[in-house]
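>>> this is a predicted model, with the sequence first.
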Amino acid sequence: MTIDWDAEAATFDDEPDHGLRDAVVREAWAGRLGDWLPGTAGDVLDLGCGTGSLSLIAAECGHRVTAVDLSPRMVERAREKLAGHGAEVLLGDAALPPVEGRTFDTILARHVLWTLPDLDEVLRHWCSLLRPGGRLVLIEGVWGTTDPAGIPATRLIEALTPLVGRLHSERLSGDPRLWGKEVADERYAVVGVLPATPPRHKEVVDVHLILRRGDEVLLARRANTGYGDGLLNVPSGHVEPGEDVRKAVLREAREEIGLTLAPTDVRAAVVLQHRGPGGNPRIGWFFEANHGSGGTPFNAEPEKCEELTWHAIDALPDDMVAYCRAGLEAWRAGERFLLHWQEDGDAVGHDAAGARRAVPLAPGQGQRTTR
């Protein structure tokens, strides 16, 4: 949905919850913000501030406010409203606010996230602008019934949960004082608080099985997984709590292709650190096993796999997950330790014409003999 916010600026404050001109509405929002914002004065970044009504309440509570909006007309009206309160109002994109090098105690955003294209990426960036123990105060909703627009509370909570230490949500639809009228649609607030000390870095650990049949390897076409669907990959999965990597690859072999492998049937082949486009780093362990060990492979998870096919290691297909392709190419070349760090604009699938992201981290041992 495209909205001309400059055109909306002249009448924006006519809505009771925008202008807060009614004393009852203003008192209701001031009470909620008093609960959500820190009890001591701090630095507040109000993103998508509109005409600055919530920024004004925060400033009157003693907070040092920086407000950002993409609309020049909105910024003009916000500066007028906040004059004399020591607030700074900047013209810029709420998704990437122009506050380079600065951090804040609180980020406040009301009815803004639903207008931005990438919820998860925006939340990650906003969290990077907060100090330890900082908080996100996010007020959102879903408006309309025939053609609803907005973000359901469940979606926002799901996206925010991995990023914060504590999370609190409140339903706002049932309080007509906030809106100047009764409302029937979904309106809510979510407050997420970062840990007071930064958490230790953690990475997901994956395991991958290179099942050899002479100079061929077994590939599975992903389906209904939400990642790389339609692309080929070796049988793989995540290490579960309490598992070591060898137990994990034995379990994945049993669950995905029906093999009952013994620990002595698998050998570590390649270890690589990988970052997918827009994702977080992870560690991948590739294990090698010979065809015939543990039985005959078959598609044991047809709901997640469209087909199993054999391919020559020196003629791998292009329609593969890039991560997997990098691991197999390293294995064939005799490389045992690899860095595969993709940029945000890269594709999940292998791109034969794209940039080479695989970087060997130790001298190679020469090309592997597959026969």
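Great, that's in hand. Quick caveat: nothing in here was measured; it's all calculated off a predicted structure. Residues are numbered from 1 along each chain as shown.
>>> which intervals of the protein have sub-threshold pLDDT?
1-2, 199, 363-371 (pLDDT under 70).
>>> how about 80 then?
The chain contains residues with pLDDT under 80 at 1-3, 144-147, 198-200, 363-371.
>>> can you give me the helices for it?
5-9, 16-19, 23-36, 53-60, 72-82, 119-128, 153-160, 245-257, 322-333 (DSSP state H).
>>> and the longest one with helix 53-60, angle?
Think helix 23-36. 60 degrees (axes from the mean of the first three to the mean of the last three Cα atoms, to 10 degrees).
>>> now for residue 244, how many residues are close by?
By other Cβ atoms under 10 Å, 11 other residues sit near residue 244. In this view, the C-beta of every residue, glycine as well, is placed from N, C-alpha and C.
>>> ugh, wrong one, I meant residue 185
Taking other Cβ under 10 Å as the criterion, the count of residues near residue 185 is 12.
>>> could you measure from it over to residue 178?
Using Cβ to Cβ, to the nearest Å, residue 185 is found at 13 Å from residue 178.
>>> and residue 253, by the same measure?
55 Å.
>>> isn't residue 342 right up against residue 276?
Yes - counting by Cβ atoms under 8 Å, residue 342 does reach residue 276; the two are 5.6 Å apart.
>>> for residue 28, give me its contacts.
For residue 28, the contact set (Cβ atoms under 8 Å, 6 or more residues apart in numbering) comprises 175, 177, 178.
>>> show me which of the residues you listed is closest to residue 87.
Distance to residue 87, by Cβ to Cβ, is smallest for residue 178 among the contacts of residue 28, at 22.6 Å.
>>> surely the closest one and residue 15 touch.
No - taking contacts as Cβ under 8 Å, residue 178 lies outside contact range of residue 15: 11.6 Å.
>>> neighbour-wise, which of those two wins?
Neighbours per residue (other Cβ under 10 Å) separate residue 178 from residue 15, with residue 178 holding more: 22 against 14.
>>> quick check: the gap between that one and residue 169.
Counting by Cβ to Cβ, the separation of residue 178 from residue 169 is 15 Å.
>>> what do you get for residue 295?
Residue 295 sits 49 Å away from residue 169, going by Cβ to Cβ.
>>> go on, residue 76?
In terms of Cβ to Cβ, residue 76 sits 34 Å off from residue 169.
>>> ok, now residue 148?
From residue 148 to residue 169 the distance is 19 Å (Cβ to Cβ).
>>> and for residue 135?
Remark: distance between residue 135 and residue 169 (Cβ to Cβ) = 13 Å.
>>> before we move on, the earlier item: got TSV for the helices of the chain, with distance to residue 228 too?
Below are the helices of the chain laid out as TSV (distance: least, Cβ to Cβ, whole Å):
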stretch	distance to residue 228
helix 5-9	38
helix 16-19	43
helix 23-36	39
helix 53-60	41
helix 72-82	41
helix 119-128	17
helix 153-160	21
helix 245-257	14
helix 322-333	8
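>>> just give me the neighbour total for the residue nearest to residue 277 when sequence neighbours are not counted.
Among residues not flanking residue 277 along the chain, residue 346 sits closest, at 4.5 Å (Cβ to Cβ, 6 or more residues apart in numbering). Residues lying near residue 346 (other Cβ under 10 Å) number 17.
>>> test my guess that residue 346 contacts residue 326.
No - counting by Cβ under 8 Å, residue 326 is not a contact partner of residue 346; they are 11.6 Å apart.
>>> shared neighbours of those two, anything?
Jointly contacting residue 346 and residue 326 under the rule Cβ under 8 Å, 6+ apart are residue 357.
>>> contacts only, for the spatially closest residue to residue 33 that is not a sequence neighbour.
Once flanking residues are discounted, residue 33 sits nearest to residue 57: 5.4 Å by Cβ to Cβ, 6+ apart. Residues counted as contacts of residue 57 (Cβ under 8 Å, 6+ apart) are 20, 26, 29, 30, 33.
>>> with residue 53 instead?
By Cβ under 8 Å, 6+ apart, residue 53 lies in contact with 13, 18, 19, 20, 29, 81.
>>> tell me which of the residues you listed is nearest to residue 203?
Distance to residue 203 across those (Cβ to Cβ) is lowest for residue 29, with 41.3 Å.
>>> gap between that closest one and residue 87?
Taken as Cβ to Cβ, the span from residue 29 to residue 87 is 17 Å.
>>> compare the two (neighbour count), which wins?
The neighbour count for residue 29 versus residue 87, taken as other Cβ under 10 Å, is higher for residue 87 (23 against 19).
>>> pull out the buried positions in stretch 318-337.
Using 16 or more other Cβ atoms under 10 Å as the test for burial, stretch 318-337 gives 320-333, 335-336.
>>> for the closest residue to residue 186 other than its chain neighbours, give me its contacts.
Sequence neighbours aside, residue 142 is the residue nearest to residue 186 in space, at 4.3 Å (criterion: Cβ to Cβ, 6+ apart). Residues in contact with residue 142 (Cβ under 8 Å, 6+ apart) are 148, 149, 150, 151, 152, 185, 186.
>>> also residue 43?
63, 64, 66, 103, 104, 105, 106.
>>> dig out what it forms beta bridges with.
Judged by DSSP bridges, the bridge partners of residue 43 are residue 64.
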